[in-house]
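Trainee: Sequence plus the predicted model coming up.
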Amino acid sequence: MLRVLAVDDEKPLLEELLYLLRSDPRVRSAEGASDATGALRRITRALEGGPDGPDGIDVVFLDIQMAGLTGLDIARLLSGFARPPLIVFVTAHEGFAVQAFDLKAVDYVLKPVRPERLAEAVRRARALLGRPDGAQPAPEPAVPDLRTPVPPAGAEAGVGAGAGAVERVPEQIAVELGGVTRFVAIADIAYVEAQGDYARLHTDGGSHLVRIPLSTLEERWAARGFVRIHRRHLVALGRIDELRMEAGTTSVRVGPAELQVSRRHARDLRDLLMRRATG
């Protein structure tokens, strides 16, 4: 069972988080700290006694934006220790996700916290500590994934599909922010950018962050005409406005964005665009 510390400088939110954690049968103890100073004092005591000591902490559920030191600052300090507790960030802001996973965070939970989402973070922490939940049913995905594939109405066979075939690909992707789930039409996505363990979906109206690897989206959306142009970018062929080849470098313009094309993808992309343009 896990020994956890929850850190949040907003008392009602801290109490709610502690209530949810203490309600989880996989959590042995859950303490709270309302500021960075108190959290560091408690974590230091745990580190001095060792992970198996009576004051040990397995996981810190950590808010990011706090007075004084931020949650990211605390995580950076802990990264200097040989055996620090695991970190799960709990925040109302999606914009810190890339930094959080660069700091080896176990999970990134958005407020308001849903019990099933927090339960998934606990499961992940237990798995990393070598304490899997056993043969229990798998919980809901940690972050929104693609919906169950359905045939797009009137869609033609995708790239690589056989004659007369219709690829069963999803029409939307679910994006969650602050407990609200929005469904973004894949047809509205111009390109996708890799950001750590996340992918940022760029549309004409803005961008959305989902925790899905770019390689997974590349495989699933090939039938929608998305192609890899770089290790960081996946682009909808139909949204490319311009291909530029200058001084040995290749780039594409997708709306207002100019994206670099890696050498290994340049020739294939050019051939795909030419075939598309000539029918």
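Mentor: Here it is on my side, so go on.
Trainee: Please look at Tyr191 and Leu234 and confirm they touch.
Mentor: Yes: the pair Tyr191 / Leu234 is scored as a contact, 6.5 Å apart, by C-beta atoms under 8 Å. In short, each C-beta sits where N, CA and C put it, glycine included.
Trainee: can you list contacts of the host helix or strand of Leu272?
Mentor: Here Leu272 sits within helix 263-278, counting by DSSP states H and E. With contacts defined as C-beta atoms under 8 Å, 6 or more residues apart in numbering, helix 263-278 is touched by 227-230, 237-238, 240, 243, 245, 250, 252, 261.
Trainee: quick check, nearest of those residues to Ala127?
Mentor: Ala127 has its nearest neighbour among these in Arg228, at 30.0 Å by C-beta to C-beta.
Trainee: Would you mind measuring the gap between the ends of stretch 184-193?
Mentor: When the termini of stretch 184-193 are compared using C-alpha to C-alpha, to the nearest Å, they are 16 Å apart.
Trainee: Around the spatially closest residue to Lys111 that is not a sequence neighbour, count how many other residues there are.
Mentor: Nearest non-adjacent residue to Lys111, counting by C-beta to C-beta, 6 or more residues apart in numbering: Ala92, 4.2 Å away. Neighbours of Ala92 under the rule other C-beta atoms under 10 Å: 16.
Trainee: do the same with Phe81
Mentor: When neighbours are counted by other C-beta under 10 Å, Phe81 registers 11.
Trainee: Thought Gly50 was touching it, still the case?
Mentor: No: Phe81 is beyond contact range of Gly50, at 11.2 Å (criterion: C-beta under 8 Å).
Trainee: the helices in the stretch 151-279 of the chain, which residues?
Mentor: 214-220, 263-278 (DSSP state H, counting those that start in this stretch).
Trainee: now the longest one, how far from the chain's geometric center?
Mentor: Meaning helix 263-278. 30 Å (C-alpha atoms, centre = their mean, to the nearest Å).
Trainee: With the shortest one instead?
Mentor: Taking the mean C-alpha point of helix 214-220 and that of its whole chain, the gap between them comes to 14 Å (C-alpha atoms, centre = their mean).
Trainee: how about that helix: buried residues?
Mentor: The neighbour-count check on helix 214-220 (16 or more other C-beta atoms under 10 Å) flags 214, 217, 220 as buried.
Trainee: Dump those residues into JSON lines; add distance to Ala67 and pLDDT as well.
Mentor: Shown next, in JSON lines, are the buried residues of helix 214-220 (distance: C-beta to C-beta, whole Å; pLDDT from 0 to 100):
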{"residue": "Leu214", "distance to Ala67": "36", "pLDDT": "89"}
{"residue": "Leu217", "distance to Ala67": "38", "pLDDT": "92"}
{"residue": "Arg220", "distance to Ala67": "42", "pLDDT": "89"}
